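[1] this one's sequence-less:
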């Protein structure tokens, strides 16, 4: 995206702070990106904004960076979770990447009645979220939760967190946008989640349960069939535009 | 997406109509998908809806299908063009695929001042649009135009076609949605285009020109940097929800 390397580090950042590098970070910076001592780069840790830093020592198996000055304040997206049913790996990666760009606090893979995938490597998806943040200039990295059964999540659903769910069977019904805008007009936003089902949609039992929940809002995403990752991007876009920080 | 094969054919469809198959179609249906004589499939040609058909003859180098009954009427998306600056191949493919799902009439790759790619295989992208329509259940396949210079396109821009363009420099400005909804409230929609720039954004000259155009409307897509394909999906979503057939 830009000529300057941006690196996520799991380390405090501050003026003059030195940051020791692990072997894989050293390999990336000095082997792949060919930085040498004195080279500048940007650092973020998900909590303390973006910092200009310099390579103090570069080695094959390690190195040291030194933090110079903060160049951007920490930005935190609205308190929004994305719940989605994992699909094939490339498209799951894509959903995680887009959730980082569009701005969510937490990514929650859920197993629904019609979910094809019964496992997801949460550690890989965490690494993928970090990589997406490095590339899109975000200073925040959403958490990626372990795969959970949707029914169990809903059993323990926090009452104050509103839930927008995408219901294909709703297509042709009321405008998604009008309903969301009306909710946003009420003032203070509070916590939210967006739930996108698998490509087969929700089961009848899941739909009945979601429609019966207090604080759950069904939205339709148009008359055409959207793939899971398209629905995720479209739903997050509508939420951000109607209720989030795109307003 | 579904167990039944859906195939685009460049041939009239109607009750009892026979459709001869080209070699690559026969290979796909009989070699890859393992259909045999008597097997059912779905056909569409982009103009006459979706039809149930049967394999009448299956051969290695050809075959014949026979059309039985229309199962869905032709659906045509709103008169919307997507203009976008091509990026790397996988992400350009993705933009074309998502434009088909989200519903546009015409896809126009444009070369801008900061576009990295100076060529695009329009024939490959046409094939990709057909494949996307086959997979997402669409009966319409948008045209894919040849790559054109943005400046030249704007020189000959049809005055009645409104243009929504995504301006990163607008971020933090007015709400995208409020402006779009106000335009939609006016009644009859008329032709539109959505223009998404490259990842480096538009040049100062392009921005000045776009802002000076009658019938051009800048929208911001939030405070974070979106990759080109994310911006395309987000922009089409907002347009469809505020002005298109998601209303």
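    Arrived safely, thanks for sending. Because the structure is predicted, anything quoted here is derived from the model rather than measured.
[2] now do the helix or strand of chain A with the lowest mean pLDDT: everything it contacts.
    None of the helices or strands of chain A scores lower by mean pLDDT, DSSP states H and E than helix A:176-184, at a mean of 76. With Cβ atoms under 8 Å, 6 or more residues apart in numbering or on different chains as the test, helix A:176-184 has contacts from A:162, A:164, A:217, A:219-221, A:238-239, A:242-243, A:247, B:177, B:181, B:241-242, B:246-247. C-betas here are computed from N, CA, C, even on glycine.
[3] do the same with stretch A:46-55
    Here stretch A:46-55 makes contact (Cβ under 8 Å, 6+ apart) with A:6, A:8, A:12-14, A:19, A:29-30, A:35-44, A:63-75, A:133, A:139-141.
[4] now the end-to-end length of that stretch.
    Start to finish, the residues bounding stretch A:46-55 are 20 Å apart (Cα to Cα, to the nearest Å).
[5] buried sites along that stretch?
    Using 16 or more other Cβ atoms under 10 Å in any protein chain shown as the test for burial, stretch A:46-55 gives A:46, A:48-51, A:53, A:55.
[6] got the residues of chain A near chain B?
    A:1, A:75, A:77, A:98, A:101-103, A:135-138, A:175-177, A:181, A:199, A:220-227, A:230, A:233-234, A:237-238, A:240-242, A:244-247 (Cβ under 8 Å from any Cβ of the partner chain).
[7] from these, keep the buried residues only.
    Buried subset of the residues of chain A next to chain B (neighbour count, 16+ other Cβ under 10 Å): A:77, A:98, A:101-103, A:135-138, A:176-177, A:181, A:199, A:220-222, A:224-227, A:230, A:233-234, A:237-238, A:240-242, A:244-247.
[8] circling back: which among the contacts of stretch A:46-55 end up buried?
    Buried among the contacts of stretch A:46-55 by 16+ other Cβ under 10 Å: A:6, A:8, A:13, A:19, A:29-30, A:35, A:39, A:41-44, A:63-65, A:67, A:70, A:133, A:139-141.
[9] so what's residue A:78 up against?
    With Cβ under 8 Å, 6+ apart, residue A:78 has these contacts: A:103, A:105, A:189, A:192, A:240, A:243-245.
[10] inside strands: which ones of those?
    Counting by DSSP state E, these place residue A:192 in strands.
[11] now, which of the contacts of residue A:78 lie within helices?
    Using DSSP state H, the subset of the contacts of residue A:78 located in helices is residue A:240.
[12] least confident pick among the contacts of residue A:78?
    Scanning these for pLDDT, the low point is residue A:189. It has 79.
[13] got phi/psi on residue A:133?
    Dihedral pair for residue A:133: phi -70, psi -40, per degrees, to the nearest 10.
[14] all strands of chain A, in order?
    Using DSSP E, strands in chain A cover A:6-8, A:18-21, A:40-44, A:50-58, A:63-72, A:80-84, A:106-111, A:143-144, A:148-149, A:162-166, A:192-196, A:216-219.
[15] would you single out the least confident of those strands?
    strand A:216-219 (a mean of 90).
[16] what residues does that strand touch?
    The set of residues external to strand A:216-219 that reach it, using Cβ under 8 Å, 6+ apart, is A:162-167, A:170, A:173, A:176, A:179-180, A:183, A:210-211, A:235, A:238.
[17] go again using 10 Å as the cut-off
    Strand A:216-219 is contacted by residues A:154, A:157, A:162-167, A:169-170, A:173-180, A:182-183, A:192-195, A:207, A:209-211, A:234-235, A:238-239, A:242, B:241, B:246 when judged by Cβ atoms under 10 Å, 6 or more residues apart in numbering or on different chains.
[18] against chain B, how distant is residue A:167?
    In this view, residue A:167 and chain B are 13 Å apart by Cβ to the nearest Cβ, to the nearest Å.
[19] and for residue A:56?
    29 Å.
[20] next: residue A:114.
    Residue A:114 sits 12 Å away from chain B, going by Cβ to the nearest Cβ.
[21] same deal with residue A:96?
    13 Å.
[22] likewise residue A:212?
    Per Cβ to the nearest Cβ, residue A:212 is found 25 Å from chain B.
[23] residues in contact with that residue?
    By Cβ under 10 Å, 6+ apart, residue A:212 has no neighbours at all.
[24] how is chain A divided into domains?
    Split into domains by automatic domain parsing, chain A comes to A:6-72, A:80-242.
[25] how about those domains in a markdown table, adding distance to residue B:115?
    Formatted as a markdown table, these follow (distance: least, Cβ to Cβ, whole Å):
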| stretch | distance to residue B:115 |
| --- | --- |
| domain A:6-72 | 23 |
| domain A:80-242 | 19 |
